[in-house]
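**Student:** Need coordinates for the below:
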Amino acid sequence: MQAWHSGWYLLPLSRGGDLAVPTPFSWPAGRKCAVSITYDDALPVHYELAGPALEAHGLRGTFYLNIAAGPSHAPLPWRELAARGHELGNHSLFHPCRRGAADRRWIDKAFDLRQYTPHRFQQEVGIANAFLQLIDGRSERSYAYTCFDTHIGRWRTRTPIAGMIRDKFIAARGARTDQPIAVSRDLDLMNLGGFLADTLPLSALTDAVKRAGDESSWLILVIDGIGAGTHNSFVEPSIHHNLLDFLASESSTWVAPVIEIAKWVRRENEEALHLTK
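**Tutor:** From the prediction side, this is the model:
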């Protein structure tokens, strides 16, 4: 019988109990790690450049859409993107964020997460899900926390987002951690750490992928714009292109949308739990 500890299996001794011998998490087809490339905020550059670039490299990504932006009045490009194998993830209806910090004054006071109630938050997420299903016909998807904020409300009304979305999504990209995710049986799929790629040099991104390979972990890259003028936070087009070149050449790295990798992790964890019973 196998046990699980801190993201590794423990190999048993015949009579003397468990011996902590690290055995990497099992990725499909013998791969060493997993990488998801995610794009936020439903920008035209995502379907005009990112989607075709991924496809040219044989890759697919996750595009997190806030519905009140482009998708509400121009859904067709997103439908076509989904039809080509990409995931359309939920990034809320109005992209609310916590407005407290000085660099958050761009947020409309009407969409300050500190003022949200659980009922309002769940209603807006549900409407966004319904809209996304009208676009791609799918009933399962992942969610991405807006501005990496993990809670709504404040003080006594402060409520974790993870608990409010658990029955609505397969997984959720949550807090910004800027490191790969250590996959373990107790991994919370509703608050997966994201690695912000914007402004970074190519070496920082390839190093993160290599670290994921060394640790048999899961790296979720977060990209907003691609090039100046597409978003106030962006990666350079050349870095984006070279990153895809690098990932396509890494045969030991599984690159797939968040929902696909999350389903694999959940299935592997359920099987491991079954073996321990």
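
**Student:** Which residues does the longest strand seen in the chain contact?
**Tutor:** Counting by DSSP state E, the longest strand found in the chain is strand 33-40. Here strand 33-40 makes contact (Cβ atoms under 8 Å, 6 or more residues apart in numbering) with 27, 46, 50, 54, 59, 61-64, 89, 91, 144, 173, 180, 194, 209, 212-213, 215-224, 247, 252-258, 261, 264. Heads up, the C-betas are built off the backbone N, CA and C, glycines and all.

**Student:** same deal with stretch 50-57?
**Tutor:** Contacts to stretch 50-57, defined as Cβ under 8 Å, 6+ apart, come from residues 37, 39, 60-61, 63, 81, 84-86, 223, 226, 240-241, 244-245, 247-248.

**Student:** Show me just the buried residues among these.
**Tutor:** The neighbour-count test (16 or more other Cβ atoms under 10 Å) marks 37, 39, 60-61, 63, 81, 86, 223, 226, 240-241, 244, 247 as buried among the contacts of stretch 50-57.

**Student:** from those, which ones fall inside helices?
**Tutor:** Counting by DSSP state H, the members of the buried ones among the contacts of stretch 50-57 that fall within helices are 81, 240-241, 244, 247.

**Student:** For residue 163, which non-adjacent residue is spatially closest?
**Tutor:** Among residues not flanking residue 163 along the chain, residue 190 sits closest, at 7.9 Å (Cβ to Cβ, 6 or more residues apart in numbering).

**Student:** So the one you found sits against residue 164, correct?
**Tutor:** No: with contact defined as Cβ atoms under 8 Å, residue 190 and residue 164 do not form a contacting pair (9.2 Å).

**Student:** Now do the shared contacts for the two.
**Tutor:** With contacts defined as Cβ under 8 Å, 6+ apart, no residue is shared by residue 190 and residue 164.

**Student:** These two: who's more crowded?
**Tutor:** Summary of the neighbour comparison: residue 190 and residue 164, criterion other Cβ atoms under 10 Å, with residue 190 having more neighbours (24 against 17).

**Student:** okay, and for the stretch 1-150 of the chain, where does confidence drop off?
**Tutor:** 1-23 (pLDDT under 70).

**Student:** Could I get the full set of strands for it?
**Tutor:** With strands called from DSSP state E, counting those that start in this stretch, the stretch 1-150 of the chain shows them at 3-5, 8-12, 18-23, 33-40, 62-65, 87-90, 142-144.
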